[in-house]
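Enquirer: output the structure for:
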Amino acid sequence: MSATGSVFADFKEAQSIGSGPLLAAALTPAAPAQFPDKLRSFYYSTNAVNVSSDLRYTLFQDRNTGVKLPKQEQNAWLEIFTAYWKAVGEILKVEESRSSWAKVFDVWKELANVLIRGYSNGGLQAWTVPCLYVVGRYLRTFAMRADAETSSQDSGFDNGFQDDVVTEFQNVKLEESARTINRMFTLCLSDRAPIEESRKWGIYETTNLLFKTYFKLNSVGLSKNVLRALDASSADMPGLEAFPKSHIVTFKYCIGVICFLDENYTEAEEHLTYAWNMCHKDAYRNKELILMYLVPCHMVTTHTLPSKDLLAPFPRLEKFFRPLCTCIKKGDLVGFDEAMSANEDEFVKRRIYLPLERGRDITLRNLFRKVFLAGGFDPPKEGMPPVRRTRVPVAEFAAALRIGTHAEAKSRVDFDEVECLLSNLIYKNLMKGYIARDRGIVVLSKSGNAFPGRFMIRTVLQLRSPYALSQRTSAPEIVALVVAQSTNLLRTRVHEAPSHGLDMILRRLQSNIQSCYLLVKCDYARRNSGRSSSGIMS
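Expert: From the prediction side, this is the model:
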């Protein structure tokens, strides 16, 4: 009854070596490719009358392969595998179209309750906590399938009488799963055992399950209660670096999304950048999800756009963001509006429409900046370098707006509207100056920074901090990379500076970057003195 790769074999091997993931595999309701009959062989190894006695014998009483555990722990596992046997039976019936996902959810929920009871009564050890992850994950999956099944059945009655005010909520099972997963979260958070033997090591994975469920229920506000509970217990928790990276990356991503939806873009960018830097290099789907929110965050907080290299591995994101970026750079207002409309449904679904809409201000800034650059220079004073014209008629901005919006030749642009747009740009620090209404001109800053824009010198396009970069790159490569990138950006962006002034800026920039790098290198060596090193910073 216990073939290699079977439920019984996984349980016994996991108990012998103390492997939580292998033990969780024994409770997985999906057969592996190398053993497609795993669930079927387990279910048909006994029957409803003898299931308890057969499981007890196979798991614990067999003289050759039985596992020796304390009585209380044996009873807990016996209850768990009995509930699992019933759940597997319903899953097999669904595959044969003889049952429903609602019944599968109900029996799997009973398995979750039995598992929680096993931990609450002190019968199960903390190293087995991955079982909570698997049971909680499939509880959520079965809940969504059950709700989808119910929804499809209800759609057959659409032609009947309906209540126009009161509608039935379609996520009943998912709400039930959220309550059960919340109990798992509390079970891990409230454990008072020493940290070496504590269930607290499962806190972030159960939190992630809870967040995902709340997101699906469109109840993001409930996530804040979870965060408050985590903050209250932070003193008893190990540091984030002590937990598995997979748990922390998902946790930081979820926190970033929560902050994003609260329009706290600065904090959202911090959490999402942390998740990006920690994410595995081959986790393509995870990186795409992170960038879906990190790119709009970056546009709002720094007014910078993603590079082609950043989006190249992600065709879907390239399709969404590249047209917007192109129009923003050109100052093409009509193209920007068309690009927003083309993907409006997806942007609204992901809730990134409003942050991306703010890119219209940057588009308008770039359009008006072209007016400033096209104005040329004022007549130079004797012995002084030429200075760009800083007094620009409002009529010129109005003409640019007409061109940027592809307005008809006979249409008239309201100057009050143009002044309103200019005032907004000045207020948002996208333009420096003031409007002299009595003379109908805009007086711009003479400091050479009339249209402020942030240069991406600190490798924001790679979304890597200098410290993270230095861990992977040699010293000469870092200096060459940063200087080359900064030089190219400055040459393409700093149109206001005369050529001789630009060369001076570049020389000073190169000197400053090299000095800063030496300081970073010395600080890195100081902090890592006496510690084994792989020589990456050599």
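Enquirer: I figured Cys325 hits Pro306, correct?
Expert: Yes: the pair Cys325 / Pro306 is scored as a contact, 6.7 Å apart, by C-beta atoms under 8 Å. All C-beta spots, glycine's among them, are computed from the backbone N, C-alpha and C.
Enquirer: and the helix or strand hosting Ala102, how far from the chain's centre?
Expert: Per DSSP states H and E, Ala102 falls inside helix 101-120. Averaged C-alpha coordinates place helix 101-120 at 30 Å from its chain's average position (C-alpha atoms, centre = their mean, to the nearest Å).
Enquirer: ok, now stretch 235-249?
Expert: Relative to its chain's centre, stretch 235-249 lies at 17 Å (C-alpha atoms, centre = their mean).
Enquirer: how long is it from one end to the other?
Expert: 21 Å (C-alpha to C-alpha, to the nearest Å).
Enquirer: quick one: buried residues of it?
Expert: By 16 or more other C-beta atoms under 10 Å, the buried positions in stretch 235-249 come out as Met237, Phe243, Ser246, His247, Ile248, Val249.
Enquirer: on the three-state scheme, Gly66 is what?
Expert: Under the three-state scheme (DSSP: H, G, I helix; E, B strand; the rest coil), Gly66 adopts coil.
Enquirer: number of residues surrounding it?
Expert: A total of 15 residues lie near Gly66 under the criterion other C-beta atoms under 10 Å.
Enquirer: what does Ser223 give?
Expert: If we define neighbours as other C-beta under 10 Å, then Ser223 has 20 of them.
Enquirer: residue contacts, the residue nearest to Lys245 when sequence neighbours are not counted?
Expert: Leaving aside its chain neighbours, Lys245 sits nearest to Met278 (5.6 Å; criterion: C-beta to C-beta, 6 or more residues apart in numbering). Going by C-beta atoms under 8 Å, 6 or more residues apart in numbering, Met278 touches Lys245, Ile248, Val249, Lys252.
Enquirer: on that earlier part again, how about the very next helix or strand once past the helix holding Ala102: buried residues?
Expert: Heading C-terminal from helix 101-120, the first helix or strand you meet, by DSSP H and E, is helix 130-154. Neighbour-count burial for helix 130-154 flags 130-147, 149-150 (criterion: 16+ other C-beta under 10 Å).
Enquirer: how about stretch 442-451?
Expert: Buried, per 16+ other C-beta under 10 Å, within stretch 442-451: Val442, Leu444, Ala450, Phe451.
Enquirer: nearest to Thr206, of the contacts of Met278?
Expert: Ile248 (13.6 Å; C-beta to C-beta).
Enquirer: can you pull the contacts of the closest one?
Expert: Tyr204, Leu240, Met278.
Enquirer: and the end-to-end length of stretch 11-22?
Expert: Span of stretch 11-22 from end to end, C-alpha to C-alpha: 7 Å.
Enquirer: what sits against the nearest residue to Met237 once chain neighbours are set aside?
Expert: Leaving out its chain neighbours, the residue that sits closest to Met237 by C-beta to C-beta, 6+ apart is Lys200, at 6.2 Å. Neighbour list for Lys200: Cys188, Leu189, Asp191, Asp236, Met237, Pro238 [criterion: C-beta under 8 Å, 6+ apart].
Enquirer: redo the residues you listed as TSV? Include distance to Leu333.
Expert: As requested, these are exported to TSV (distance: C-beta to C-beta, whole Å):
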residue	distance to Leu333
Cys188	51
Leu189	51
Asp191	57
Asp236	54
Met237	49
Pro238	51
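Enquirer: lowest pLDDT pick from those?
Expert: Among those, Asp236 carries the weakest pLDDT, at 86.
Enquirer: pull out the buried residues from the helix holding Ala102.
Expert: Residues of helix 101-120 classed as buried: 101-109, 111-112, 114-116, 118-119 (neighbour count, 16+ other C-beta under 10 Å).
Enquirer: using PDB, list the CA coordinates for that helix.
Expert: Provided in PDB are the C-alpha atoms of helix 101-120 (Å, rounded to 0.1, in the frame of the first residue of the first chain):
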ATOM      1  CA  TRP A 101     -16.500  22.000  -6.400                       C
ATOM      2  CA  ALA A 102     -18.700  23.300  -3.600                       C
ATOM      3  CA  LYS A 103     -18.600  19.800  -2.000                       C
ATOM      4  CA  VAL A 104     -14.800  19.700  -2.600                       C
ATOM      5  CA  PHE A 105     -14.500  23.000  -0.800                       C
ATOM      6  CA  ASP A 106     -16.600  21.900   2.200                       C
ATOM      7  CA  VAL A 107     -14.500  18.700   2.800                       C
ATOM      8  CA  TRP A 108     -11.200  20.500   2.200                       C
ATOM      9  CA  LYS A 109     -12.300  23.200   4.700                       C
ATOM     10  CA  GLU A 110     -12.900  20.400   7.200                       C
ATOM     11  CA  LEU A 111      -9.300  19.200   6.600                       C
ATOM     12  CA  ALA A 112      -8.100  22.800   7.300                       C
ATOM     13  CA  ASN A 113     -10.100  22.900  10.500                       C
ATOM     14  CA  VAL A 114      -8.700  19.500  11.600                       C
ATOM     15  CA  LEU A 115      -5.100  20.700  10.800                       C
ATOM     16  CA  ILE A 116      -5.600  23.900  12.800                       C
ATOM     17  CA  ARG A 117      -6.900  21.900  15.700                       C
ATOM     18  CA  GLY A 118      -3.900  19.700  15.600                       C
ATOM     19  CA  TYR A 119      -1.600  22.700  16.000                       C
ATOM     20  CA  SER A 120      -3.800  24.300  18.700                       C
END
